[in-house]
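Chemist: Quick one, fold the following:
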Amino acid sequence: MNNELTFTIKRSRFDENYNPSENTRITTNFANLARGENRQQNLRNTLKMIDNRFNSLAYWDNPKGDRYSVELEIISVDMSIKGQNGVFPVIEILQTAILDKKVGERINGIVGNNFSSYVRDYDFSVLLLEHNKNTTQFSIPGNFGELHGNIFRHFIRSRVYSDNFKKSPVICLSVSSKDTYQQTGNQHPVLGHEYQQEGTSLTEKYFNKMGLQVRYFMPKGSVAPLAFYFTGDLLSDYTDLELIGTISTMETFQKIYRPEIYNANSPAGLHYQPDLNHDDHSLTKIVYDREERSRLAIEQGKFTEQHFIKPYQHILEQWSAHYAL
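Modeler: Numbers count the residues shown, from 1 in each chain. This next block holds a predicted model:
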């Protein structure tokens with residue numbers, strides 16, 4: 001039964017010449033940056049920010065702060081259903097690579113980082129909204145996130161994944177403005193000060209169904225913690241340079257997308273609640289359309305419902321129920 005769903009991947013270089021493909025979720029951070037009249041300057045500035053942040057964290061044997069450069073590749077995952085025509089784009093993630101210019105070595109970084117999913121758009125922007133449309137008491141639909149979680153876990157366990165990636169993925173997200181975070185006193189040399197979330201968020205529950213647990217860290221020089229979703233041991237399974245590649249990439253995206261939190265002019269304290277209405281922050285020179293991003297998430301959720309969920313609902317429900325056994 002698990003062979004009913006199979007995957008193929010496509011790779012796209014994310015550089016100043018990047019143009020989103022037709023199948024790319026255009027709500028992703030990198031795709032949004034690559035649109036409009038300022039697209040090339042946006043991309044150039046973003047990549048420079050990533051490199052600068054990487055070198056500030058990888059400061060040893062790096063006196064001029066220019067030893068390393070980060071290369072990014074977009075990994076687009078298509079899924080096929082046995083006996084059905086066509087494929088559906090299910091997941092898009094990023095692969096980092098680190099170029100050590102001092103020794104001329106290219107080092108593979110972490111895969112995951114940014115995470116995009118049409119099915120997640122459907123779950124949050126269509127299913128969840130529809131479920132709560134005529135009620136004042138917010139609730140979560142039964143089996144919410146289970147199909148999505150099983151598809152993700154099936155991909156991570158697939159031959160396609162193991163043939164292309166040697167380590168488990170790490171997905172790095174922003175913290176939630178609905179939650180509060182408390183500094184624990186634990187400090188990692190690269191990830192920085194650890195925070196704990198008070199309670200359990202819907203996002204955490206959703207990613208848990210994907211087989212991922214979460215820890216929150218604020219790296220040195222950062223002003224807010226990042227959420228790191230992973231399997232295994234985040235602190236032992238990855239090298240310092242691998243972790244720095246993820247931090248520098250995802251913190252840069254968050255400074256652009258959520259400057260109120262990640263480009264605030266003062267750092268998070270021991271007890272921290274993010275605030276998207278926080279006025280004391282700086283803007284980057286990079287143009288990003290947040291309103292369009294929210295609107296497109298709904299459009300793409302409806303696209304998923306029409307072209308994936310409804311046509312294959314019986315097959316998907318049967319596969320997911322069997323996969324969970």
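
Chemist: Nearest residue to the middle of this structure?
Modeler: Nearest to the mean C-alpha position of the chain, counting by Cα atoms, centre = their mean, stands N114 at 2.6 Å.

Chemist: Can you tell me the closest non-neighbouring residue to that one?
Modeler: Spatial nearest neighbour of N114, excluding adjacent residues (Cβ to Cβ, 6 or more residues apart in numbering): L94 at 4.7 Å. In this view, the C-beta of every residue, glycine as well, is placed from N, C-alpha and C.

Chemist: Equivalent analysis for F88, please.
Modeler: With sequence-adjacent residues excluded and distances taken as Cβ to Cβ, 6+ apart, F88 is closest to F308, at 5.0 Å.

Chemist: picking up where we left off before, and the gap between the residue nearest to N114 and S76?
Modeler: L94 sits 11 Å away from S76, going by Cβ to Cβ, to the nearest Å.

Chemist: ditto for H271
Modeler: 40 Å.

Chemist: Can you list the buried residues in stretch 107-118?
Modeler: I107, G109, I110, V111, G112, N113, N114, F115, S116, S117, Y118 (16 or more other Cβ atoms under 10 Å).

Chemist: Actually, stretch 297-317.
Modeler: Buried-residue list, stretch 297-317, by 16+ other Cβ under 10 Å: A297, I298, Q300, G301, F303, T304, E305, F308, I309, L316.

Chemist: which residues make contact with it from outside it?
Modeler: With contact meaning Cβ atoms under 8 Å, 6 or more residues apart in numbering, stretch 297-317 is reached by 4, 25-27, 81, 84, 88, 118-119, 121-127, 129, 147.

Chemist: out of the residues you listed, which are buried?
Modeler: Buried subset of these (neighbour count, 16+ other Cβ under 10 Å): 4, 25-27, 81, 88, 118-119, 121-127, 147.

Chemist: Select, from those, the two members most distant in space.
Modeler: Pairwise distances across the buried ones among the contacts of stretch 297-317 (Cβ to Cβ) peak at 29.0 Å, for the pair E4 and I26.

Chemist: Check what contacts the helix or strand containing R215 and list those residues.
Modeler: According to DSSP states H and E, R215 maps onto strand 213-218. Strand 213-218 is contacted from outside by 175, 181, 188, 191-197, 204, 207, 224-231, 234, 267-268, using Cβ under 8 Å, 6+ apart.

Chemist: now swap in stretch 49-69 and tell me
Modeler: Stretch 49-69 is contacted from outside by 70, 72, 98-102, 190, 219-221, 240-241, 244-245, 247-249, 251-252, 255, 284, using Cβ under 8 Å, 6+ apart.
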